[in-house]
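Undergrad: I need the structure of the sequence given here:
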Amino acid sequence: MRTRRCRLPGLAALLLLAALPAAAATEKKVIIDTDPGIDDAMAILLALNSPELDVQALTVVPGNVPLRQGTENALRLVSLAGRCDLPVAAGADRPLVQQLTTAEFWHGQNGLADVNLPAPQCKLDPRFAPDLIIELVHRFPNEITLVPVGPLTNIALATRKDPSIVPLVKEVILMGGSISGGNVTAAAEANIYGDPEAAKIVFSAGWRITMVGLDVGNKALVRRADLARLSSGPQSEFARAALGYILDRSEEFGFPGTAVYDALAVAVTIDRSLVTAQPMRVEIETRGEHTRGETVAYRYNLVDQVEWRDGRNMVVGILRVRPNAEVCVEVDAARFVQLLLSRLSGR
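TA: Here you go, the predicted model:
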């Protein structure tokens, strides 16, 4: 008598098919707004190699490089990743009020560590980036997570043009700001300093914001020895060259490694447990001589209540202020670096 055996491959395939809808439902729809320099490039490749994320579009803003170069970089990166299905749209070519400041010193003349990636096979989407953001938010109400990793000009323009998108955005996870001093000035972080007026609009809009700033980025460094953990392949070889370039710059100024700020914001989008965050009220300084672009955080969400009495201002009590952001203050650095390097290596 022959015993019939269960064909496990077939059963496994059925189980896999049954699981697909649930897996797809867990993907986060994201729009990455970017000024493609080195850490933006790592953020983009991390996102495109992460099954947890369903990237709907890349929208480009000037910052690390001018808009034209940033758009070229974005197209080269999606071409490198084989994702010509992904819309890449250019946005504003300058900040709302001030002149543009770029950062080729840190990112190379082409913004990508002067690595000459192959010419892009992907084509630029003709839509204006803020309009594309508006369109996608309305197409997927309460599903889109905005992940801005550059100056906030495009997000502000979209919000100003169509305020109705604010309650329709699931959340905003942005790289920017600091509660412990800046990097482009003593007070200001580069993305917020790049367009403080836009940042003011975004932080006061009323949506759910997670601020992934310098405070956690500087605690999660990629070091020289980590580059050996990258595998071979076009994306990982580019990552090795680009990270090596900015490591050279960082080590030149005495830093033991390099922060990959923008990639950390994407990593938080993938796995919120990587960071510890605290609710705070965050205001944007736009007028200070030495503090323009500072993210002023109410760490305890308390301020003195001052009244005019007896010919002087007198503290008469304490007022609570409403938090408008979750500010990341701690990070599991080892897990972040492992996630970044493994995804860039295709694992």
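
Undergrad: Helices of the stretch 51-200 of the chain, start to end?
TA: Ranges of helices in the stretch 51-200 of the chain, per DSSP state H, counting those that start in this stretch, are 67-80, 104-107, 129-139, 153-161, 190-194, 196-203.

Undergrad: between those helices, which gets nearest to residue 299?
TA: Within the helices of the stretch 51-200 of the chain, the stretch nearest residue 299 is helix 196-203; the backing value is 15.7 Å (CB to CB). Every residue, glycine included, has its C-beta placed from N, CA and C.

Undergrad: Name the next helix or strand following that closest one along the chain.
TA: Following helix 196-203 in sequence order, the next helix or strand is strand 209-212 (DSSP states H and E).

Undergrad: roughly how far is that following strand from the heart of the chain?
TA: Here strand 209-212 is found 9 Å from its chain centre; the criterion is CA atoms, centre = their mean, to the nearest Å.

Undergrad: neighbouring contacts of that strand?
TA: With contact meaning CB atoms under 8 Å, 6 or more residues apart in numbering, strand 209-212 is reached by 171-177, 202-203, 261, 264-265, 268, 275, 277, 282, 295, 324-328.

Undergrad: can we see that at 6 Å?
TA: With contact meaning CB atoms under 6 Å, 6 or more residues apart in numbering, strand 209-212 is reached by 172, 173, 175, 177, 264, 265, 268, 325, 326, 327, 328.

Undergrad: And for stretch 318-327?
TA: 209-211, 277-282, 298, 301-303, 305.

Undergrad: cutoff 8 Å now
TA: The contact list for stretch 318-327 (CB under 8 Å, 6+ apart) reads 177, 179, 203-204, 206, 208-211, 213, 215, 277-282, 297-298, 301-305.

Undergrad: Same check on stretch 237-245?
TA: Counting by CB under 8 Å, 6+ apart, 38, 41-42, 45, 80, 108, 112-115, 117, 222, 227, 230, 258, 260, 344 sit against stretch 237-245.

Undergrad: Could you pick out the buried ones from these?
TA: Neighbour counting over the contacts of stretch 237-245 (16 or more other CB atoms under 10 Å) leaves 38, 41-42, 45, 80, 108, 112-113, 115, 117, 222, 227, 230, 258, 260, 344 as the buried ones.

Undergrad: Restricted to strands, list those.
TA: Those of the buried ones among the contacts of stretch 237-245 mapping onto strands are 222, 258, per DSSP state E.

Undergrad: Out of the buried ones among the contacts of stretch 237-245, which comes closest to residue 123?
TA: residue 80 (15.0 Å).

Undergrad: Got the confidence number for that closest one?
TA: For residue 80, the pLDDT comes out at 97.
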